[in-house]
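Visitor: Next comes the sequence, and after it the predicted model I'd like to discuss.
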Amino acid sequence: MHRVLLTGGRALVRDAYARVIGASAGLTLQAQTPRLPDALAQLPSLRPDLLLIDADALPDPPVAASRPVLRQATAWTRLAVIGTIPTSDIVDFVRAGFTGILGRDIEAAHFVTALDLVSGGGLVISSPGSPLDIRDARAVAPPSALEHLSDRERQILALVATQRDNNALAQLLGLSPLTVKAHVNRILRKLGATSRAHLVAIAYESGLIVPGSPVPLP
């Protein structure tokens, strides 16, 4: 039974999340609080398996302003956020330590499955505009899948996780954009990935990049 601490958002919405969690077979709600600081203060004593944060509880900009605090929180629990998360912000959330990113339109059954996966150490990205959704979560590549990549391809995969486009990667690596594009396409084929967003998830789930840690540059 995975223990969930819930924080943020409007009371009615938070109560709805709480009811879904409470009705599930594999999750239990330890506590809920309207304010993120109060939830963070409870982590050492409660030690939940997952801290589920409504995106409305995060400051603006949501990640940059709270990254140090969130990194400290990952010492006690895993982090998931639910809300309207722009695709362009997904990488920042993962780098800040979030291993669950959920959209508000997620269905109840998928919501429970996602929380269960994240509580158990998985990575789930199920947000509008992201090609990787809850049904793909179990298909994220394990570390052994990276054995098929060359050192250069691993390097490019790590840099793709920073959401650099091909032109930026080309300039950074001293390669032509066409060469970088060819590398990225080969990585997609080797890993069975469907998009760059899927590659980002693979980079973190495989351990190539550690959530909350800076990505090494070449």
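Guide: Happy to help now that I have it.
Visitor: Point out where this structure drops to low pLDDT.
Guide: Across the chain, the ranges flagged by pLDDT under 70 are 60-68, 127-145, 162-164, 209-218.
Visitor: who's sitting farthest from the centroid in it?
Guide: residue 176 (30.5 Å; CA atoms, centre = their mean).
Visitor: Find the nearest non-adjacent residue to that residue, please.
Guide: In space, and not counting its chain neighbours, residue 176 is closest to residue 170: 5.9 Å by CB to CB, 6 or more residues apart in numbering. Bear in mind the C-beta positions are built from the backbone N, C-alpha and C, glycine included.
Visitor: isn't there a helix covering that neighbour?
Guide: Yes - assigned with DSSP: H, G, I helix; E, B strand; the rest coil, residue 170 falls within a helix.
Visitor: which parts of the lengthiest helix in the chain are buried?
Guide: The longest helix of the chain (DSSP state H) is helix 177-191. If you call a residue buried by 16 or more other CB atoms under 10 Å, then helix 177-191 has these buried ones: 180, 183-184, 186-188, 190-191.
Visitor: give me the element the residue lying closest to residue 53 once chain neighbours are set aside is part of.
Guide: Distances taken as CB to CB, 6+ apart put residue 81 closest to residue 53, at 5.0 Å, once the chain neighbours are dropped. Element membership for residue 81 (DSSP states H and E) is strand 78-82.
Visitor: So residue 202 versus residue 48, what's the distance?
Guide: Using CB to CB, to the nearest Å, one gets 27 Å for the distance from residue 202 to residue 48.
Visitor: Pick out whichever of these two has more residues nearby.
Guide: Legend: neighbour count by other CB atoms under 10 Å for residue 202 and residue 48, higher for residue 202 (27 against 22).
Visitor: Give me the angle between the helix or strand containing the more buried one and helix 177-191.
Guide: Applying DSSP H and E as the criterion places residue 202 in helix 196-205. Using axes from the mean of the first three to the mean of the last three CA atoms, to 10 degrees, the inter-axis angle of helix 196-205 relative to helix 177-191 is 60 degrees.
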